[in-house]
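Visitor: structure, please.
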Amino acid sequence: MGLTKTDAYTPDQIRIAELCKAIGHPARVAILQKLLTVECCISRDFSDEIDLSQPTISRHLQELKTVGLIAGTIEGTSVSYCINPERWREVQGFINGLFELYGKENNCC
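Guide: Numbers count the residues shown, from 1 in each chain. Next up is the predicted model:
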């Protein structure tokens, strides 16, 4: 988290921030959307969908893999990526938890 004082935040707050940072790039959103619509995808297929070079796409894939949103398997020279279902449900729970904190009676502004 850089120079941010992480001890001032809960572990859940830090995890949500890390996930949002990983998702916070349009290319990564496009990759996630593609993976959510197919069973698995070979990494070189993304260059047909996203107008970026293969090395740039690989860096974005690595960011998503680092936070556990996607999983990858290596078969020869091909790397296949797919959504990590357990982590995806965990992220859904974090985000839903944020929405649940908002009360319907909240009319402060």
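
Visitor: with adjacent residues omitted, what lies nearest to the residue positioned nearest the centre of the chain?
Guide: Centroid-nearest residue in the chain, with C-alpha atoms, centre = their mean: Ile23, separated by 4.4 Å. The shortest distance from Ile23 to any non-neighbouring residue, by C-beta to C-beta, 6 or more residues apart in numbering, is to Val29 (6.4 Å). From N, CA and C alone the C-beta is placed, and that goes for glycine too.

Visitor: so how far is Gly76 from the residue nearest to the centre of the chain?
Guide: Between Ile23 and Gly76 the distance, using C-beta to C-beta, to the nearest Å, works out to 30 Å.

Visitor: try Ala17
Guide: 37 Å.

Visitor: those two: which is more packed in?
Guide: Ala17 (15 against 5; other C-beta atoms under 10 Å).

Visitor: give the contact list for the residue nearest to the centre of the chain.
Guide: For Ile23, the contacting residues are 29, 32, 69, by C-beta atoms under 8 Å, 6 or more residues apart in numbering.
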